[in-house]
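# Provided below are the primary sequence and the corresponding predicted coordinates.
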Amino acid sequence: GKNNKLQASDIKRVSDAVANRKDVSKFARVVSRDEIRKNEYNLNIPRYVDSSEAPESWDIYASMFGGIPKKEIEELSAYWRTFPELKADLFTNDIGEHVHTAEGNVKDIINNHANVISFKETYERAFEGFDAELYSDLVEGMKTLNISKEEIKLSDEIFNRLVSVPLVDEYNAYQLLNDEWVKIAVDLEMIQTEGFLATKQVDPNMVIKKKNGNDVEVQDGWIGRIIPFELVQETLLREEAKALKEKEERLAQVAAEQQEILDSLTAEEKEDITDVLNEDNTAFLASPLIKMAKDLLKGHDAADYAEDSPEGKIITVVRLLDEEKELKKIIKADSAKLHLLTKETIENLADEQVYSLLELKWITPLIVELRKMPEVILDKLAAKVQALADKYSITFADVEDQIEETEVMLSSMIEQLTGSDADMKGLTELKTLLGGE
């Protein structure tokens, strides 16, 4: 085992290795009976499989003079086999055993390279039609498919599609499938057990709350048995959800504006209005603030005070408090209204709407994650190349120069200090240690 906690992909990797009796670096190794006998039949896994990372090595020449050792670049040979011309664009063709990174942003060079673009296209072609296959199996066949065998079928399909794609770890793709399948299988079991109408059911959302010091289970709205409320609001009730979100964003903005006004007050201005601030001057006190604003507006209009004056700021904060109070009231009402509308929408879904929503819930997240895999690989390559560049960017000579400059600066500062005879004797010795005269 590579880690203390194995993921589904690790378990499958090991089980495949066992089934095919093959070695998998850092995960599994075929061991002879003689080796087990020599180890006195000790079957402790770390004795046979080394899952630790190789220790980092440092090149002495590069540490002293800079540059990147070619042997460390060749540790990324799996990438160069896939992108045979990329290495020449990433590194200068220096004579000797060391090179430098080319001019420009490493990530941009990689992503814009013809080899990389071709790799992305190959990956896209490998998964052409997979979303349609998933729809046929899961959505159209939801009532009759064999749930226990379906994940195996889909994982085999993923493995087959990735056979001709280099660099991509098919077990990482399997992990993406497994992460989604855990949720999909629950829905499928419910549909096959309760019938298709389960997709149009909502249940009381039961939560635990404190009542008289005791934990009590109470209903807090509704929850879709299979179709999530959030998904319905993002698709079928988009306008209503957008309107509510805009009010929530304005509420957050109102709170931020109040904080900005408080932060803009000087220490002296805060001293003059301590009655409307809490003890550590980090928040306004609503009631005293409203009273002060009313006193300011007796016989005056808000326009009588400059907007950036302390009085103008107090009046603005009170206006913001009123808006905040009104927004909270509206948001509470609109949120409850949208919640009930979502419930009614789920209960009255047409069959075709259910199919579309299940596709969005089951299939779209997996396809999105699968499409990200090339980017993850390329980001990893960019990070490795940048790490090599950074590793030797500051040489020991550079560090020594920085130390010398700091010592000279500190020595110069010591000369400006005064003190007792004992202090000056100590400072003279420190200056000597720093290399000063």
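Great, that's in hand.
# Quick check: the gap between E407 and G419.
Note on E407: its distance to G419, by Cβ to Cβ, to the nearest Å, is 21 Å. For every residue, glycine as well, the C-beta is placed using N, CA and C.
# more neighbours, those two?
Neighbours were tallied for E407 and for G419 using other Cβ atoms under 10 Å; the higher tally belongs to E407 (15 against 10).
# Give me the pLDDT for the more buried one.
Listed pLDDT for E407 reads 75.
# Spell out the secondary structure type for it.
Look at E407: counting by DSSP: H, G, I helix; E, B strand; the rest coil, its state is helix.
# what sits against the closest residue to it other than its chain neighbours?
Spatial nearest neighbour of E407, excluding adjacent residues (Cβ to Cβ, 6 or more residues apart in numbering): L434 at 4.4 Å. Residues near L434 by Cβ atoms under 8 Å, 6 or more residues apart in numbering: 407, 410-411, 414.
# and with 7 Å instead?
Contact analysis of L434 by Cβ atoms under 7 Å, 6 or more residues apart in numbering lists 407, 410-411.
# can you tell me which residues contact Q7?
With the criterion set at Cβ under 7 Å, 6+ apart, Q7 makes contact with Q175.
# Strands of this structure, start to end?
Here the chain has its strands, by DSSP state E, at 68-69, 98-99, 202-211, 214-224.
# Redo those as a markdown table? Include mean neighbour count.
A markdown table is the format used below for those (neighbours: other Cβ atoms under 10 Å):
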| stretch | mean neighbour count |
| --- | --- |
| strand 68-69 | 22 |
| strand 98-99 | 20 |
| strand 202-211 | 11 |
| strand 214-224 | 12 |
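# Out of those strands, which is closest to V49?
strand 68-69 (29.2 Å; Cβ to Cβ).
# Which strands or helices does the closest one pack on?
For strand 68-69, the packing partners by 3 or more Cβ pairs under 7 Å, 6 or more residues apart in numbering; DSSP states H and E come out as strand 98-99.
# so what strands line up beside the strand it packs on?
strand 68-69 (antiparallel) (DSSP bridges).
# Please state the offset of the strand it pairs with from the chain centre?
If you compare the mean C-alpha spot of strand 68-69 with that of the full chain, they lie 32 Å apart, counting by Cα atoms, centre = their mean, to the nearest Å.
# can you give me the mean pLDDT across it?
Mean predicted lDDT for strand 68-69 stands at 92.
# List the contacts of that strand.
59, 62, 97-100, 388-389, 392.
# count of neighbours near the nearest residue to D131 once chain neighbours are set aside?
Leaving aside its sequence neighbours, D131 sits nearest to I367 (Cβ to Cβ, 6+ apart; 5.1 Å). Residues within reach of I367, counting by other Cβ under 10 Å, total 16.
# And for D280?
Count around D280 with other Cβ under 10 Å applied: 6.
# same deal with L237?
16.
# V106 versus the residue most central in space within the chain, what's the distance?
Nearest to the mean C-alpha position of the chain, by Cα atoms, centre = their mean, lies V376 at 12.4 Å. Going from V376 to V106 by Cβ to Cβ gives 16 Å.
# same question, E257
For E257, the distance to V106 - Cβ to Cβ - is 41 Å.
# Which of these two has more residues huddled nearby?
Using other Cβ under 10 Å, the more surrounded residue of E257 and V106 is V106, with 19 against 16.
# correct me, but that one touches A387?
No - taking Cβ atoms under 7 Å as the definition, V106 is not a contact partner of A387, at 10.0 Å.
# hey, what's in contact with both of the two?
Common neighbours of V106 and A387 (Cβ under 7 Å, 6+ apart) do not exist.
# which stretches of the stretch 51-200 of the chain have low pLDDT?
Along the stretch 51-200 of the chain, segments meeting pLDDT under 70 span 94.
# residue boundaries of the helices in it?
60-65, 70-73, 77-82, 86-90, 106-111, 114-126, 130-134, 147-161, 170-194 (DSSP state H, counting those that start in this stretch).
# mind checking which of these is nearest L236?
helix 170-194 (18.5 Å).
# And the residue nearest to the centre of the chain, what's its pLDDT?
Listed pLDDT for V376 reads 96.
# Ok, A267 next?
So A267 comes in at 92 (pLDDT).
# give the contact list for E246.
Contacts of E246 (Cβ under 7 Å, 6+ apart): none.
# quick one: contacts for A78?
So A78 contacts L167 (Cβ under 7 Å, 6+ apart).
# So of the contacts of strand 68-69, which two are at opposite extremes in space?
So, these by Cβ to Cβ: farthest apart are E97 and A389, at 16.5 Å.
# just checking, K209 touches Q219?
No - the criterion here is Cβ under 7 Å, and K209 misses it with Q219 at 10.2 Å.
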